[in-house]
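Asks: Fold the following and give me the result.
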Amino acid sequence: MTRVTLAVDAMGGDFGPHVTVPAVLQALGIYPFLEIFLVGLPDTLQPLLVTADSSVLERLHCVAAESVITSDVKPSSAIRQSKNSSMRLALELVKEQKAQACLSAGDTGTLMGLALFLLKPLPQIRRPALMTLLPNALDGQTVILDIGANVEADSEMLLQFAMMGAVVAQQMLAISEPRIALLNVGQEEGKGKESIRQAAKLLRQQSVIRYTGFLEGSELLTGQADVLVCDGFSGNVALKTLEGAVRYFLQRAGRGQSSWRRLIRTLLSPNTSKIDPDKYNGAFLLGLSGVVIKSHGAANQQAFLAAIEQSILTVQRQLSQRVARQLATVVARSDRT
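Replies: Residues are numbered from 1 along each chain as shown. Alright, predicted model coming up:
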């Protein structure tokens, strides 16, 4: 199988190397075609690698960073002070084409800003969006974006998110004419913020997009849309609310009475693993010239391993390149109409 090379920011997230390093070693043990640049502070990384198998270490390259970007620093300040930080060095490995993708659990705003600065957005895109796939009640999946990269998004950005989401649905889910919906506080045309109402008007004018209207948060998993578009604030709140509810149900199922456990397992199965944030972790920063994957900041080893696996799949499917090619075609068709 073709070699896949990832650049991993070992210092990002709430638990840093104590989660990222074991997950990286586990991934290298599972996937013999995988090669990883592990970027972090040498004095912190080395003690965590002393017991690693030599065959695994042959495909692990440690890159020494001098600093770590913490989540309590404003993104604007963090970007200015990012030289030789673990996050920036990992992104630079992608820019220099030494790695095919960057994975970080660091601060989303800083990752977004640095990725824009180093990798640049696609020509047709003003701002990238964080995208993930959620299971739905029709035994399929729904593309949802943005889930946190842009707290606010105007109507033009929402239109661009819809175009990117449509391409992902076509390329990853094999849906020829994906249904596009906007997340809103109601289904009536007059509901919601001005940016959402204006985005709906723009979407209706696009002959290359199959726009179906507004959806509410309660319809997140119904399968009424193949692509659900929103600003990063709404998407992040919706997704984390869903994740919190799933964690609650799973915890109750683990310690409740047998009848309660059976009921919850029945309600959640078979899609629980697809919603469980420890198992579907890894959001794609869509719309860049390079591949960047964002992990949950609170990821445990299992969740970070899932993000590594998501990074591998993204590279193997050449999703970034396919999105760029298809998006150029979609935009050209849209401009002619």
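Asks: Just the pLDDT for G256.
Replies: We have a pLDDT of 55 for G256.
Asks: Wait, A153 touches S195, no?
Replies: Yes. Counting by CB atoms under 8 Å, A153 sits close enough to S195 to count as a contact (6.7 Å). Glycine gets a C-beta too; all of them are placed from N, C-alpha and C.
Asks: shared neighbours of the two, anything?
Replies: D231 (CB atoms under 8 Å, 6 or more residues apart in numbering).
Asks: Tell me where the model's unsure across the stretch 101-250 of the chain.
Replies: The stretch 101-250 of the chain contains residues with pLDDT under 70 at 250.
Asks: what are the ranges of the helices in it?
Replies: If DSSP state H, counting those that start in this stretch is used as the criterion, the helices of the stretch 101-250 of the chain fall at 108-119, 155-173, 194-204, 232-255.
Asks: contacting residues around the residue lying closest to I147 once chain neighbours are set aside?
Replies: Of all residues not flanking I147 in the chain, G235 sits nearest, at 4.0 Å (CB to CB, 6 or more residues apart in numbering). By CB under 8 Å, 6+ apart, the contact set of G235 is 130, 144-148, 183.
Asks: if you set the cut-off to 10 Å instead, what comes out?
Replies: 129-132, 144-151, 153, 161, 183, 228-229, 283 (CB atoms under 10 Å, 6 or more residues apart in numbering).
Asks: where's S54 relative to G40, distance?
Replies: 20 Å (CB to CB, to the nearest Å).
Asks: Between these two, which is the more surrounded one?
Replies: G40 (26 against 6; other CB atoms under 10 Å).
Asks: Identify the residues contacting that one.
Replies: G40 neighbours (CB under 10 Å, 6+ apart): 8-12, 16-17, 20-21, 46, 48, 62-65, 68, 86, 89-90.
Asks: switch the cut-off to 8 Å
Replies: 9-11, 16-17, 20, 62-65, 68, 86.
Asks: Likewise for A166?
Replies: 178, 180, 209-210, 227, 330.
Asks: Name the nearest of these relative to F304.
Replies: V227 (27.0 Å; CB to CB).
Asks: So that closest one sits against R179, correct?
Replies: Yes. Using CB under 8 Å, V227 is in contact with R179, at 7.1 Å.
Asks: Of the contacts of G40, grab the buried ones for ChimeraX.
Replies: The buried subset of the contacts of G40, as determined by 16 or more other CB atoms under 10 Å, is captured in ChimeraX by this line:
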select :9,10,11,16,17,20,62,63,65,68,86
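Asks: From the contacts of G40, which land in strands?
Replies: Within the contacts of G40, residues falling in strands by DSSP state E are 9, 62-64.
Asks: I'd like these as a markdown table, with distance to A78 appended.
Replies: Shown next, in a markdown table, are these (distance: CB to CB, whole Å):
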| residue | distance to A78 |
| --- | --- |
| D9 | 13 |
| C62 | 23 |
| V63 | 19 |
| A64 | 19 |
